[in-house]
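Undergrad: could you look at this predicted model? Sequence included:
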Amino acid sequence: MENTKPGLSETENAFQPAREISDFESFAGRKHPVDMAYLGLLTEGSSLAVVGNRGIGKSSLARQIQAIGEGNNDLVDRLELGYGHKFDFLVVYLACGNNVSAVEDLLIRLMSSHACLAPWIYEVEKSHRYVSSLAPQVSAKIFGLGAEVASKTSTEAYSEVASVPQDVFSVFDNVVKIIADEKIASDGILFVVDEFDQIDNPSGFASMLKALATNAPNVRFCIVGVAKDIQDLMREHESSDRLFAGSIISLEPMSADELLEIVNIAEAKLGGWYTFSQDARDKMIGLAAGHPYLVHLVGKFALRKAYRENARVIEGGDIDDVVRTIAESNGDPVLEGRYRKAVASSRQREIVLKSLARSQDDKGEVWTTNAYKVALDEGVDNASQYVGQLVTKEFGQEIEKIRERYYRFKDSLFATYVAARPSMRSGDD
Ligand SMILES: Nc1ncnc2c1ncn2[C@@H]1O[C@H](COP(=O)(O)OP(=O)(O)OP(=O)(O)O)[C@@H](O)[C@H]1O
Ligand SMILES: [Mg+2]
């Protein structure tokens, strides 16, 4: 145990609800998904996909895949997977965000962004010449107005590519093949595309992958996004299973042990100065319901409280206080905003919303008979009327009907927040 109190900044950063885990030391659990990712990278010509709910840990896993692809086996060794092989990919990581609307936009970003391929296009003489050979309107589209990449050799013809293509797909195809063949990294290029679900129209992506798998097996993709399976992520009906040859990693909620590891890691980062009591741990794990994000969020606020109060042990009661503070101080403005929208100013509707969240079965389905009973115990006898409102846009459409008398929350993270959050007020409608 350390005998000096850690500083505020160290304390504030022991948990990190605001960003994904990039370093392997802070990455908890997930042995099986890491194993699948490793084997997926090993499978020549296969693409990888990481799917799962919002906030379940997709980007964190994607960052580990990036590191493993670059030859860093620290996590693989710590998890004792027993693999000695080190990969050597040139890894390009891109999070789509909200301005990538079609696959063309994605490919353009992958080529033109400085964090992606742009520096290599400059670096590799052959790709530079190829890009320079494109018609100015094509290169401008791809490389922006300045078309800087093309500026050096101007219009010199590029003989190694028979016909100069005009569409983004073929340009991408050529550029990546040239760079991959340059053997900058012996395993080729690995594109990790996070937030793939943000692409409004992903059509054309599957056929591009198919073509790449044949023509350039050393150019690989790992796509990551909120989805329940690969069809949902790619939004294509035809089966894409073969392209992903067993490398679809579906992230489930984390187990209690995995979530506890997050708490242990944070304690260790602070040299053991702070301790979460058993009761506090049980409460955190219970309310998080498998969502690592909520452990980080509650943990962060709990440490802040302990720091201020000069306490060293976090008790169960502290966790209750902290959950209240998070709600009242807008600790997560997005979740809180959605909560307020659903509840609006109705105490009755709040009771029904919470009854639904608390009546979810292990598949996240809510049987109204159960939920209405819970609501009735709290004094609401016309729960179905409020359920009717909660499915509408006005109240955020957080729940949906799946079949007669069964509903579900669209987002399990929100459902978990609803169940954990203290009620807003004791007044009535
Ligand atoms: N294996 C892990 N170990 C420790 N913390 C994790 C792990 N996975 C995720 N987290 C934490 O959980 C939170 C959500 O993780 P992440 O951003 O990776 O999820 P996501 O599925 O990409 O979320 P989104 O759907 O919002 O993109 C972050 O605070 C992150 O630090
Ligand atoms: Mg993410």
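TA: Noted; the coordinates are in hand. Numbering: from 1, shown residues only. Ligands and ions are numbered 1, 2, ... in the order given.

Undergrad: following element in sequence after the host helix or strand of residue 351, please.
TA: Using DSSP states H and E, the element containing residue 351 is helix 347-358. As assigned by DSSP H and E, the chain's next helix or strand after helix 347-358 is strand 365-367.

Undergrad: list the buried residues of that following strand.
TA: Residues of strand 365-367 classed as buried: residue 366 (neighbour count, 16 or more other Cβ atoms under 10 Å). The C-beta positions use only the backbone N, C-alpha and C, and glycine is treated the same way.

Undergrad: other SSEs contacting it?
TA: Applying 3 or more Cβ pairs under 8 Å, 6 or more residues apart in numbering; DSSP states H and E, we find strand 365-367 packed against strand 406-409.

Undergrad: skip ahead from the strand it packs on and say which helix or strand is next.
TA: helix 412-420.

Undergrad: what's that following helix packed up against?
TA: Packed next to helix 412-420, using 3+ Cβ pairs under 8 Å, 6+ apart, are helix 278-288, helix 292-309, helix 333-343, helix 347-358.

Undergrad: residue of this structure closest to ligand 1, please.
TA: residue 57 (2.8 Å; Cβ to the nearest ligand atom).

Undergrad: how about the nearest residue to that residue, chain neighbours excluded?
TA: residue 292 (5.3 Å; Cβ to Cβ, 6 or more residues apart in numbering).

Undergrad: strands of the chain, start to end?
TA: Using DSSP state E, the strands found in the chain span residues 48-52, 89-95, 188-194, 219-226, 248-251, 275-276, 313-314, 365-367, 399-403, 406-409.

Undergrad: now the ones you listed as TSV including mean pLDDT and distance to residue 269?
TA: Rendered in TSV, the data for the strands of the chain read as follows (pLDDT from 0 to 100; distance: least, Cβ to Cβ, whole Å):
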stretch	mean pLDDT	distance to residue 269
strand 48-52	95	26
strand 89-95	93	25
strand 188-194	94	25
strand 219-226	94	26
strand 248-251	94	24
strand 275-276	98	13
strand 313-314	97	15
strand 365-367	95	38
strand 399-403	94	38
strand 406-409	96	33
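
Undergrad: with distance to residue 5 added, can I get the ones you listed in JSON lines?
TA: Output for the strands of the chain, formatted as JSON lines (distance: least, Cβ to Cβ, whole Å):
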{"stretch": "strand 48-52", "distance to residue 5": "38"}
{"stretch": "strand 89-95", "distance to residue 5": "36"}
{"stretch": "strand 188-194", "distance to residue 5": "37"}
{"stretch": "strand 219-226", "distance to residue 5": "39"}
{"stretch": "strand 248-251", "distance to residue 5": "36"}
{"stretch": "strand 275-276", "distance to residue 5": "13"}
{"stretch": "strand 313-314", "distance to residue 5": "14"}
{"stretch": "strand 365-367", "distance to residue 5": "45"}
{"stretch": "strand 399-403", "distance to residue 5": "45"}
{"stretch": "strand 406-409", "distance to residue 5": "41"}
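
Undergrad: between these, which one is closest to residue 135.
TA: strand 219-226 (24.1 Å; Cβ to Cβ).

Undergrad: packing partners for the closest one?
TA: Here strand 219-226 touches helix 31-42, strand 48-52, helix 58-69, helix 168-181, strand 188-194, helix 205-215, helix 230-234, going by 3+ Cβ pairs under 8 Å, 6+ apart.

Undergrad: any chance of TSV for those, columns mean neighbour count?
TA: Compiled in TSV, these are given as follows (neighbours: other Cβ atoms under 10 Å):
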stretch	mean neighbour count
helix 31-42	18
strand 48-52	25
helix 58-69	23
helix 168-181	20
strand 188-194	23
helix 205-215	17
helix 230-234	19
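
Undergrad: go through the ones you listed and name the closest to residue 96.
TA: Nearest of those (Cβ to Cβ): strand 188-194, 6.7 Å.

Undergrad: am I right that the residue nearest to residue 57 is in contact with residue 26?
TA: No. Judged on Cβ atoms under 8 Å, residue 292 makes no contact with residue 26 at a distance of 10.8 Å.

Undergrad: those two: who's more crowded?
TA: Higher neighbour count among residue 292 and residue 26: residue 292, with 25 against 18, using other Cβ atoms under 10 Å.

Undergrad: dump the residue contacts of the more buried one.
TA: Counting by Cβ atoms under 8 Å, 6 or more residues apart in numbering, residue 292 touches 28, 55, 56, 57, 60, 254, 258, 259, 262.

Undergrad: excluding sequence neighbours, find me the nearest residue to residue 168.
TA: residue 104 (4.5 Å).

Undergrad: for that neighbour, give its distance to residue 251.
TA: From residue 104 across to residue 251, the span is 29 Å (Cβ to Cβ, to the nearest Å).

Undergrad: can you put the helices and strands packed on helix 412-420 in JSON lines and add mean pLDDT and distance to ligand 1?
TA: JSON lines is the format used below for these (pLDDT from 0 to 100; distance: least, Cβ to the nearest ligand atom, whole Å):
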{"stretch": "helix 278-288", "mean pLDDT": "95", "distance to ligand 1": "10"}
{"stretch": "helix 292-309", "mean pLDDT": "96", "distance to ligand 1": "4"}
{"stretch": "helix 333-343", "mean pLDDT": "94", "distance to ligand 1": "10"}
{"stretch": "helix 347-358", "mean pLDDT": "95", "distance to ligand 1": "19"}
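
Undergrad: how about these in CSV, adding distance to residue 212?
TA: Formatted as CSV, those follow (distance: least, Cβ to Cβ, whole Å):
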stretch, distance to residue 212
helix 278-288, 39
helix 292-309, 33
helix 333-343, 36
helix 347-358, 43
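
Undergrad: which stretch among the ones you listed comes nearest residue 47?
TA: Nearest of the helices and strands packed on helix 412-420 (Cβ to Cβ): helix 292-309, 25.5 Å.

Undergrad: quick one: distance of that closest one to the chain centre.
TA: 22 Å (Cα atoms, centre = their mean, to the nearest Å).

Undergrad: spell out which residues of the stretch 101-250 of the chain are next to ligand 1.
TA: With the criterion set to Cβ under 6 Å from any ligand atom, the stretch 101-250 of the chain comes near ligand 1 through residue 226.

Undergrad: pLDDT below threshold where in the stretch 101-250 of the chain?
TA: The model of the stretch 101-250 of the chain has pLDDT under 70 over residues 141-166, 237-241.
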